[in-house]
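# For reference, the sequence and a predicted model appear below.
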Number of protein chains: 2
Amino acid sequence: MTEPTSLGNELLRSAARLSRWASRHASFDVPFAQARLLALLDELGPSRVSALAAADHSSQPSITTQLHRLEAAGWVERAVDPDDARASLVSLSPAGKDALEDVRRARVAVLAPALDGLDATALARVRVAIDVLDELLAAAAEPPSHPTRKDG
Amino acid sequence: MTEPTSLGNELLRSAARLSRWASRHASFDVPFAQARLLALLDELGPSRVSALAAADHSSQPSITTQLHRLEAAGWVERAVDPDDARASLVSLSPAGKDALEDVRRARVAVLAPALDGLDATALARVRVAIDVLDELLAAAAEPPSHPTRKDG
DNA sequence: CAAATTACATAGATAACCTATGCATATCAA
DNA sequence: TTGATATGCATAGGTTATCTATGTAATTTG
């Protein structure tokens, strides 16, 4: 079954397996969803709740809940958006950046035994894998610019 | 920051993102963990509960719970292991195979817009990505005393 | 200004996990 | 054989992660 139809299936299966394995074996105390949100905040900088939900492909209430936990931990700060009193601008606190660094170290550590000792060719393959995953997500999540599209 | 240390981080992040996005957008009614277990049963054939837990990198009680749901749906069958009355041998029923096929179709469909129209070179890159994910998981999950290690 | 919209919060439900523990069967030592 | 221990699975109870539906307050609009 090397036909293109099974390729998507295999990719999703393999990605999910690695992901699952890593989250089970990486030892950090920050729950997974909170770690993800910390990383997203670091990437985006000060953001609205709804912007975070969109970027995370999750619902706004999910983000609200996670943000409350991050706030309780002192990892994020909120400011009222000067342009809109309904909206918050959420950003990482210094403690939040520290927590994110811890998470990153733990995630690096969990894969390190498998990555250490890879030669340049093998590392290049890993880089290809990362790029493929990112490109496919971008292509899948973006509105299709192909002629397959019908409304706009 | 393209040093090897960040590579693991990036890979895990990208894999988790694609995974998450797909599970949010694939429209099948089978819950994610049950779908995973169906696929695993299909791969392994008749298996003990504990073997499934090990292969899935999850706890035995998690598998027990999921199996009860699969049984309630009529998707798996159990037989007493003839060698050990404590153990069950769990296998997919015909209905379970059908359900798994539905899941696979839905998963293929969710990535199809991104995969359709890729040329042979791009498809080869996707194949590399799958192989890299599988190889890293295998390397990471194996006991580290394996001879693939350079030092001891 | 009233109505509609928007941004976020809350409520309530389900799924997916885990650890701790219980119970029955197997195995082993003496 | 029998008591101790190990093993295979089930149950209990708790946490995290999500969702949809809905509420509340601020903003925009006709």
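Great, that's in hand. Numbers count the residues shown, from 1 in each chain, chains lettered A, B, ... in the order given.
# The lowest-mean-pLDDT helix or strand in chain A near chain B anywhere?
Ranked by mean pLDDT, DSSP states H and E, the weakest helix or strand in chain A is helix A:4-25, scoring a mean of 88. Yes. Using C-beta under 8 Å from any C-beta of the partner chain as the criterion, contacts between helix A:4-25 and chain B involve A:4-25. In short, each C-beta sits where N, CA and C put it, glycine included.
# List the buried residues in whichever helix or strand comes after that helix.
Following helix A:4-25 in sequence order, the next helix or strand is helix A:32-44 (DSSP states H and E). Neighbour-count burial for helix A:32-44 flags A:33-41, A:44 (criterion: 16 or more other C-beta atoms under 10 Å in any protein chain shown).
# Go through those and name the one nearest DNA strand D.
When those are compared for distance to DNA strand D (C-beta to the nearest atom of the strand), residue A:33 comes out closest, at 3.1 Å.
# on that earlier part again, which among the buried residues of helix A:32-44 gets closest to residue A:90?
Distance to residue A:90, by C-beta to C-beta, is smallest for residue A:41 among the buried residues of helix A:32-44, at 6.6 Å.
# Just list the residues touching the residue lying closest to the closest one once chain neighbours are set aside, thanks.
Nearest non-adjacent residue to residue A:41, counting by C-beta to C-beta, 6 or more residues apart in numbering or on different chains: residue A:92, 4.9 Å away. Contacts for residue A:92 were tallied using C-beta atoms under 8 Å, 6 or more residues apart in numbering or on different chains; they are A:38, A:41-42, A:75-77, A:100.
# Would you mind stating the distance between residue A:92 and DNA strand C?
According to C-beta to the nearest atom of the strand, to the nearest Å, residue A:92 and DNA strand C sit 16 Å apart.
# for residue A:86, same thing?
4 Å.
# and that residue, which of the three is it?
For residue A:86, the assignment made with DSSP: H, G, I helix; E, B strand; the rest coil gives coil.
# what number of residues lie near it?
A count of nearby residues for residue A:86, using other C-beta atoms under 10 Å in any protein chain shown, gives 7.
# what phi and what psi does the backbone show at it?
phi -80, psi -30 (degrees, to the nearest 10).
# Quick check: residues of chain A near DNA strand C?
Within chain A, the positions near DNA strand C by C-beta under 7 Å from any atom of the strand are A:20, A:24, A:48-51, A:60-61, A:64-65, A:67-68, A:81, A:84, A:86-88.
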